[in-house]
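A.B. asks: this one's sequence-less:
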DNA sequence: CACGTAAACATACACAATGTTCAGTATTAA
DNA sequence: TTAATACTGAACATTGTGTATGTTTACGTG
C-alpha cells in the first residue's frame, strides 16, 4: 500500500510553534518541575497565543508525550529495544547526561505522570511480553501474575534508585549503580 | 515538666467541624481519589462554610495529615513501631481491611503525596535510623549511603507490590504476599 | 510573483477553584 | 447570663482552564 499522506509537507509555522512550545516546556520543567508548569507558563515562555496552543494540543500532557518530547529517550537511547534486557550502563550514562531534566521530571516535582510512565516502560522490559502460547487461557496463572507484580515492584525500585542517585548528585559511578541495579533485578525476578 | 496547655478544652464546635471535614475528605477520597478532591468538594460535602475550612486548615494537605486522618495507620496499626522490623502479615491484614480507602489513596488517583509519605515511613523502618556512633562524621560512608538508597528502592518496591495486589483485587492470600515481601526485603537489603 | 489557505494572533468569555476578608449570627464555656 | 469565639454567608481578587471570535500574517503552491 502507498502512503496515506503522499507528502506530509508540514507547514514551517507549525514546526516553529511546536518547537517553541516544546522548548518552553522543557526549560520550565527544569526550573519548576513538570507538575508546577501551567499552560499559561508555557505560552508565556514560548510567546505563543493561547488559542495557538490549544490548536495543537489539548493540554500540557499531550505536549509532553508529543513524540518530540523525549520522555523516555532521556533514559534509554533512541534504540527502543522493546522488551529485551536492560543496558544499565547505558541507562545511567543517559541519566547522567540529562541529569537536570531527568531530576526535574522524575523527582519530587515531577509528578506521577512521568514517573509511572517510565516505570511502566521498565516493567514491560522486565515482565514476559504476554507470550500467549495458548491464546485460549485467558487468565494468567498465579505464578505469571506474581511475576508481573514483581516486575512492577522491581521497576519501581529501579526508578527510585535512579532518582535517589540523581537527587544526591550522583555520588556513585555509573558502573557501581549499574552493578547494583543488575543485582537488584536478578535477586528480585528470580522467583 | 507540666503540660504547656493545662486544659486544652477543645470547643465542641471545633471538634464537630473538624470531624465533619475529615469525614467528608475520607468519603470523597474513596469516591474519586485524593488528588481529584477539591477544597470546594470538601466543604460542600461537610456542609461547612468556606471561611470555616480556612480557619482550621491552610489546604487539603493539612487536613489530610491532621492526625485524626490515619494515613499510615491504614497500613500499620496504632502501635507505631517506629524503626523496628515490619510485620508484613499485619500490614497486609490492615491493607485488606481498609482496601477501599487504601486503594483510593495509594493507587493511580492517589497522587504522589500520600504515596511518597508511606514510602518514606517504610524506608525509615528499613534503613538504620542514623545511629551516629561518632557524631563528628558528618558524611555517611559510601556503604551507608548505598544502603540508604537500597532502603528507598525497597520501600518503593514494597509499596508497588501492595498497590498491585490491591488493584488486582487481592488475588493472593495475605500469607503469600507477606512471604514474598519478606523475601524481597531480605534479598534487596542483604548488601 | 500572486493568491488562497491555513496558521497564528489578540481578545474576550464562561467556568472552576483558591484563599482572604468582614459583618452578622450562632453556640459555647465560664 | 455573659463574654468569648466559632461558624455563616457573601463578596472579592486572583489564577488557571478551555472555547470562541474575527483579524492579520506567513506559507505553499501554481
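C.D. replies: Okay, I see it. Note that this is a predicted model, so its numbers are computed, not measured.

A.B. asks: identify the residue spatially nearest to the residue nearest the centre of chain A, adjacent ones excluded.
C.D. replies: Nearest to the mean C-alpha position of chain A, by CA atoms, centre = their mean, lies residue A:72 at 3.1 Å. Distances taken as CB to CB, 6 or more residues apart in numbering or on different chains place residue A:121 nearest to residue A:72, at 5.4 Å, with adjacent residues excluded. To be clear about C-beta, it is placed using only N, CA and C from the backbone, and glycine gets the same treatment.

A.B. asks: swap in residue A:117?
C.D. replies: residue A:71 (6.4 Å).

A.B. asks: over to that neighbour: give its phi and psi.
C.D. replies: For residue A:71, the backbone dihedrals (degrees, to the nearest 10) come out as phi -70, psi -40.

A.B. asks: next to DNA strand C in this structure, residues from chain A, please.
C.D. replies: A:11, A:13-14, A:16-17, A:47-52, A:55-56 (CB under 7 Å from any atom of the strand).

A.B. asks: residue A:185: which of these is nearest?
C.D. replies: residue A:56 (39.2 Å; CB to CB).

A.B. asks: show me the contacts for that closest one.
C.D. replies: Neighbour list for residue A:56: A:14, A:17-18, A:21, A:63 [criterion: CB atoms under 8 Å, 6 or more residues apart in numbering or on different chains].

A.B. asks: in contact with residue A:111, which residues?
C.D. replies: Counting by CB under 8 Å, 6+ apart, residue A:111 has contacts A:33-35, B:112.

A.B. asks: which elements pack onto the helix or strand containing residue A:152?
C.D. replies: Assigned by DSSP states H and E, residue A:152 belongs to helix A:142-167. Judged by 3 or more CB pairs under 8 Å, 6 or more residues apart in numbering or on different chains; DSSP states H and E, the packing partners of helix A:142-167 are helix A:88-97, helix A:99-106, helix A:112-126, helix A:174-189, helix B:142-167, helix B:174-189.

A.B. asks: quick revisit: residue A:42 versus the residue nearest to the centre of chain A, what's the distance?
C.D. replies: 21 Å (CB to CB, to the nearest Å).

A.B. asks: swap in residue A:141?
C.D. replies: Taking CB to CB, one finds residue A:141 at 47 Å from residue A:42.

A.B. asks: which one's more surrounded, the two?
C.D. replies: A count of neighbours by other CB atoms under 10 Å in any protein chain shown puts residue A:42 above the other of residue A:141 and residue A:42, at 23 against 9.

A.B. asks: and chain A, which residues reach chain B?
C.D. replies: Neighbours of chain B within chain A, by CB under 8 Å from any CB of the partner chain: A:108, A:111-112, A:115-116, A:119, A:142, A:145-146, A:148-150, A:152-161, A:164-165, A:168, A:171-172, A:176, A:180, A:184, A:187-188.

A.B. asks: rewinding a little: tell me the secondary structure at the residue nearest to the centre of chain A.
C.D. replies: Following DSSP: H, G, I helix; E, B strand; the rest coil, we place residue A:72 in the coil state.

A.B. asks: am I right that it is in contact with residue A:115?
C.D. replies: No: in terms of CB atoms under 8 Å, residue A:72 does not count as a neighbour of residue A:115; the distance is 11.7 Å.

A.B. asks: so which bits of the helix holding residue A:152 are buried?
C.D. replies: A:145-166 (16 or more other CB atoms under 10 Å in any protein chain shown).

A.B. asks: one more: stretch A:56-70?
C.D. replies: A:57, A:60, A:63-64, A:66, A:69-70.

A.B. asks: same deal with stretch A:175-191?
C.D. replies: A:177-178, A:180-181, A:184-185, A:188.

A.B. asks: least confident of these?
C.D. replies: By pLDDT, residue A:188 ranks lowest within those, coming in at 93.
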